[in-house]
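>>> test case, fold it:
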Amino acid sequence: MKVLIVGGVAGGATAAARIRRLDESAQITVYERSGFISYANCGLPYYIGDVITDPDDLTLQTPESFMSRFRIDMKVHHEVTGIDPEHKSIKVKDLDTGREFYDTYDKLILSPGARPVQPELEGVSDERVFTLRTVEDTYRIKEYIRSSRPKSAVLAGGGFIGLELAENLKHIGMDVTIVQRPKQLMNPFDSDMAAFIHTEMRRHGVKLALGHSVEGFRPSGDGIDVLLKDDMPVHADMVVLAIGVAPDTALAKAAGLELGIKGSIVVNDRMETSVPDIYAAGDAVQVKHLVTGQDAVISLAGPANKQGRIIADNICGGDSHYKGSQGSSIIRVFDLTAAATGINETNARKAGINADIVILSPMSRAGYYPGGKLMTIKVVFEKETYRLLGAQIIGYDGVDKRIDVLATAIRAGISATDLKDLDLAYAPPYSSAKDPVNMAGFMIDNIRNGVLKQWHLEELDSLLHENDVTLLDVRTVHEYNSGHINGFMNIPVDDLRNRIDEIPSGRPVYVICQSGLRSYIATRILEGFEYDAYNFCGGFRFYDTVVNDKALIESAAACGMDA
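Next up, the predicted model:
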């Protein structure tokens, strides 16, 4: 059996190695147009920021190591320029010599990945405008920084690459501005959770120009101006386009393969394309979202590796199936960790799902054990069924552990209420006896049983103008005086029973505290006195972060300045 693979890195390299482990006699050739067959995409920003100092650490495998261990012919600097499905052949160009030739296959695997989105804007070809996708891109940026010593950079785009690069450029002493068309960074997160990311970025000196569109680039003095729609240009010494990626499927389109959303390659759950004996994996393929069942393109290394393995199994006579992606991801944002899995509240509603949420702010460790840090957890679930839809966590410690538990729960089909029953490891240095994931389950179970009734931030404006409600802050007097929402009366929770007569009867009571715990206790006290009580979802800390972030973004838009 002769197998040709177009593209290495995650999907292609994984498929190649797996095929060899299953079939010692298979003839396997990988064609890769770059000079690197298997490298750590996610590590590229950290090399630019001198966190990773040895460039060899970025290379996971070399053509020589693949040949030595797997007897796989890895041909770098070879670009596949055409596919002839009828004759089961491909056309290849040796980029070093210019020689063109044909090769034939029994099975063909496409793993072309994605290409950076590079819109046709004025000045985009300027030598100070870069993209970051490959090792070669990284070396170009690194060499420019070494030789030109830029002091400032504009990053167009606020996704994974933009944030990681912002941190690393700050690490080497550069002034950094992120320009982003949406009014938030990191689309996997809801805007309220993204507010915590914005706060951390600003705390470390990264300027945010959110809600701005880049219209072009123009040389200015020794640097370059980034032209913004309806605003003043932002000047910098260099620009990196991190607007996003798009499936690199021109080759597949020319060969007549069926394409789907965003021009991605349509595959079935065996990773077979619409053409017999041609498979595809990675950032270029259309998959089913595990939660919504809708078509999606999810550009992450984990799914690409799994898809490569599934292709190898099926080529070698197995029957493996890809069951869908859920978009589990994690990123370090300076001192914070931000992670997400499944779908967020925004996308749940766009998908027509009647979603509800809980937001909690637990400690990462037992409260009495030194070193514990707050985290903010948002869990999204379906109202009628309590199906677990997604989660977002932002914090300093233990975020990765909790998001992986929630990702596993979604994959296993565990209901949101069953989170309370998970038997999770506990010791004071690592968690509480009631883990934060259990706590989310307790809250959702209380909602199901009618023990917890919530109100949300989007209801605040109407409540402030409502005459027949009571707005109650149950924090301490000191906390209240340090900052509160106008219109809320203050009765600390421990004084509530003795001052219950101060609460007008016959009106619903909307309660808030710092994190949501004391206000929940207050609602139970109020319910005991036959009040109709509602607990604020998230607490004052959450409210303060979200509202201040929104004010900064709106102020920046009005003043034409970066927030």
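
>>> ok, residues contacting stretch 91-103?
4, 29, 31, 33, 75, 77-84, 89-90 (Cβ atoms under 8 Å, 6 or more residues apart in numbering). Placement of C-beta: from N, CA and C, glycine included.

>>> in ChimeraX, how would I select the buried members of those?
Buried members of those can be picked out in ChimeraX with the line below, counting by 16 or more other Cβ atoms under 10 Å:
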select :4,29,31,33,75,78,79,80,83,89,90
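
>>> and the two most separated of the contacts of stretch 91-103?
Maximum pairwise distance among the contacts of stretch 91-103 (Cβ to Cβ): 22.3 Å, between His77 and Asp84.

>>> picking up where we left off before, closest to Ile359 among the contacts of stretch 91-103?
Within the contacts of stretch 91-103, proximity to Ile359 (Cβ to Cβ) peaks at Arg33, which comes in at 45.8 Å.

>>> now do the contacts for the closest one.
Gly7, His77, His78, Glu79, Val80, Leu95.

>>> surely the fifth one and Val6 touch.
Yes - applying Cβ atoms under 8 Å as the test, Val80 and Val6 come out as touching, 4.7 Å apart.

>>> mind putting the contacts of Arg33 in JSON lines, pLDDT and secondary structure included?
Below are these laid out as JSON lines (pLDDT from 0 to 100; DSSP: H, G, I helix; E, B strand; the rest coil):
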{"residue": "Gly7", "pLDDT": "91", "secondary structure": "coil"}
{"residue": "His77", "pLDDT": "93", "secondary structure": "coil"}
{"residue": "His78", "pLDDT": "95", "secondary structure": "strand"}
{"residue": "Glu79", "pLDDT": "95", "secondary structure": "strand"}
{"residue": "Val80", "pLDDT": "96", "secondary structure": "strand"}
{"residue": "Leu95", "pLDDT": "95", "secondary structure": "coil"}
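
>>> just to revisit the earlier point, out of the contacts of stretch 91-103, which comes closest to Thr292?
Ile83 (31.8 Å).

>>> excluding chain neighbours, what is closest to the closest one?
Ala255 (3.8 Å; Cβ to Cβ, 6 or more residues apart in numbering).

>>> pLDDT score for the one you found?
pLDDT recorded at Ala255 is 96.

>>> show me which pair in the contacts of Arg33 is furthest apart.
Greatest spatial distance among those (Cβ to Cβ): Gly7 and Leu95, at 14.2 Å.

>>> who has more neighbours out of those two?
Gly7 (28 against 14; other Cβ atoms under 10 Å).

>>> distance of Arg387 from Gly441?
Remark: distance between Arg387 and Gly441 (Cβ to Cβ, to the nearest Å) = 14 Å.

>>> what about Thr44, which helix or strand?
That one is not Thr; residue 44 is Leu. helix 44-48 (DSSP states H and E).

>>> so Ile298 sits in a strand?
No - assessed with DSSP: H, G, I helix; E, B strand; the rest coil, Ile298 is coil; it does not lie in a strand.

>>> close enough to count as contact, it and Ser325?
Yes - contact status for Ile298 versus Ser325: in contact at 4.3 Å, counting by Cβ under 8 Å.

>>> quick one: contacts for Lys288?
Here Lys288 is in contact with Asp269, Gln294, Asp295, Ala296, Gly324, Ser325 (Cβ under 8 Å, 6+ apart).

>>> hang on, it in a helix?
No - if the criterion is three-state DSSP, then Lys288 is strand and not within a helix.

>>> just list whatever residues bridge to it.
Beta-bridge partners for Lys288, by DSSP bridges, are Asp295.

>>> what distance do you get for it to Gly113?
For Lys288, the distance to Gly113 equals 20 Å [Cβ to Cβ].

>>> swap in Gly372?
Gly372 is 41 Å from Gly113, by Cβ to Cβ.

>>> quick one, which of the two is more surrounded?
For the pair Gly372 and Gly113, the greater number of neighbours falls to Gly113 (26 against 20), based on other Cβ under 10 Å.

>>> leaving out chain neighbours, which residue sits closest to that one?
Asp283 (4.8 Å).

>>> OK, contacts around the one you found?
With Cβ under 8 Å, 6+ apart, Asp283 has these contacts: Gly113, Ala114, Val245, Pro247, Asp248, Val297, Ser299, Ala304.

>>> can I get the residues you listed in a markdown table including pLDDT, secondary structure and distance to Leu419?
Below are those laid out as a markdown table (pLDDT from 0 to 100; DSSP: H, G, I helix; E, B strand; the rest coil; distance: Cβ to Cβ, whole Å):
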| residue | pLDDT | secondary structure | distance to Leu419 |
| --- | --- | --- | --- |
| Gly113 | 88 | coil | 36 |
| Ala114 | 85 | strand | 34 |
| Val245 | 85 | strand | 33 |
| Pro247 | 91 | strand | 35 |
| Asp248 | 90 | coil | 39 |
| Val297 | 93 | coil | 29 |
| Ser299 | 86 | coil | 29 |
| Ala304 | 92 | helix | 29 |
